[in-house]
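J.: Have a look at this fold, sequence not included:
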């Protein structure tokens, strides 16, 4: 333990700065604010009391028990313990015929015994993905570090909390991967907002095309981009094969349309466009879920759409020595999709335990299997600032 007298520092630096000075007085806070010492670097003197006669008591054991809560709730479909394969059945429109009942002709035979089959479009998802998290809790070893059973139970509860945070972080990473796969499946038909905007408004002689960086703060562009998102949401309620893989006609009821927005882009809209709009409800794109990034959070705390909006997939070639199939989506800012275009079905997640009598500790094993799937037959539209 170390006790610092700070009266001189307060009188000569902190209080004058507090009351106001012509020039800021530099201070040294090392003797006031403790930044902590790693346990392995502690010396014996640092844990003695002021007199050096006793070991100083711990007055507060603080454990960081905050739970990691990031998740994409819209992806979850169901949970089950039995079975393993997910099957999704769709079909296109049926063929209609003429109604002959209003124009019957004498002597004509009207066919009614012909079997009329139905065409199904089935997809089966046979892949499961999962991981396991293991940890140990000793029964006797940790007792020497605590003065009461309650403190020890707090540590054990904290380890359970960290296990939960670890599982949630890894599942969130798999959720992001599912969203990216959905985007990659529709990469070829993505809407490149900046290019489209320039082709409409800046295609004349002498016009200066807007750049992606400028678009982020340009109120006119952001208002137009919001309009395109709203229009596409409305278009998905019509039956067509324009916004899926083209294999079958489909439609998405308004209540089944989900939207994911990149946080940087959503914030750009709020601060640079919506804040100046009087009738905000007229430009409201509706409910959406925000993601800070799709694949890479980057190295800077400040968000950059070029980094956070990048999606890059590389699939190895099925032919030995062949080139991988690379899909690169730059500056992805929004994805509108049918709620059934991507999903997660969890299977029998559970924790098992095993006691080791020799070492007097218990091992815990948490298994997290699931089916992560994308159905390209459902509507999905990707928006970028390309």
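T.: Yes, it's here. Quick caveat, the model's predicted, so the values are computed rather than measured.
J.: The stretch 101-250 of the chain: strands as residue ranges?
T.: When assigned using DSSP state E, counting those that start in this stretch, the strands of the stretch 101-250 of the chain occupy the ranges 121-125, 129-138, 191-192.
J.: Please name whichever of the ones you listed is nearest to residue 344.
T.: Minimum separation from residue 344 across the strands of the stretch 101-250 of the chain (Cβ to Cβ) falls at strand 129-138, 9.9 Å. Every C-beta, even on glycine, is put in place using the N, C-alpha and C of the backbone.
J.: any idea how far the closest one is from the chain center?
T.: 23 Å (Cα atoms, centre = their mean, to the nearest Å).
J.: now do stretch 189-207
T.: Once both centres are worked out by Cα atoms, centre = their mean, stretch 189-207 turns out to sit 30 Å from its chain's centre.
J.: now stretch 264-271
T.: Mean-position distance between stretch 264-271 and its chain equals 17 Å (Cα atoms, centre = their mean).
J.: rewinding a little: ok, and which of the strands of the stretch 101-250 of the chain has the densest surroundings?
T.: Here the criterion is mean neighbour count by mean count of other Cβ atoms under 10 Å, and of those the winner is strand 191-192, at a mean of 17.
J.: Does residue 385 touch residue 215 like I think?
T.: Yes: counting by Cβ atoms under 8 Å, a contact exists between residue 385 and residue 215, whose distance comes to 5.8 Å.
J.: Among those two, which residue is more densely surrounded?
T.: In this view residue 385 and residue 215 are compared by other Cβ atoms under 10 Å, and residue 385 has more residues nearby, 26 against 23.
J.: Mutual contacts of residue 385 and residue 215, please.
T.: Taking Cβ atoms under 8 Å, 6 or more residues apart in numbering as the contact rule, residue 385 and residue 215 both touch 193-194.
J.: With mean pLDDT and distance to residue 145 as added columns, please give the strands of the stretch 101-250 of the chain in TSV.
T.: Converted to TSV, the strands of the stretch 101-250 of the chain look like this (pLDDT from 0 to 100; distance: least, Cβ to Cβ, whole Å):
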stretch	mean pLDDT	distance to residue 145
strand 121-125	90	48
strand 129-138	94	11
strand 191-192	97	59
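J.: could these go into CSV alongside distance to residue 162?
T.: Listed next are these as CSV, based on distance: least, Cβ to Cβ, whole Å:
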stretch, distance to residue 162
strand 121-125, 32
strand 129-138, 8
strand 191-192, 42
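J.: Of the ones you listed, which is nearest residue 291?
T.: Shortest separation from residue 291 across those is recorded for strand 191-192, at 18.1 Å, computed as Cβ to Cβ.
J.: quick one: strands adjacent to that closest one?
T.: Strands that pair with strand 191-192, judged by DSSP bridges, come out as strand 380-384 (parallel).
J.: what mean pLDDT does the partner strand have?
T.: Mean pLDDT, computed over strand 380-384, is 98.
J.: which residues are contacting it?
T.: Among residues not part of strand 380-384, those counted as contacts by Cβ under 8 Å, 6+ apart are 182-183, 185-187, 189-193, 225, 228-229, 232, 236, 243-244, 309, 329-338, 341.
J.: let's see it at 6 Å
T.: With contacts defined as Cβ atoms under 6 Å, 6 or more residues apart in numbering, strand 380-384 is touched by 182-183, 186, 190-193, 232, 243, 331-337, 341.
J.: Stretch 27-42 too?
T.: Residues from elsewhere that reach stretch 27-42, judged by Cβ under 6 Å, 6+ apart: 4, 6, 13.
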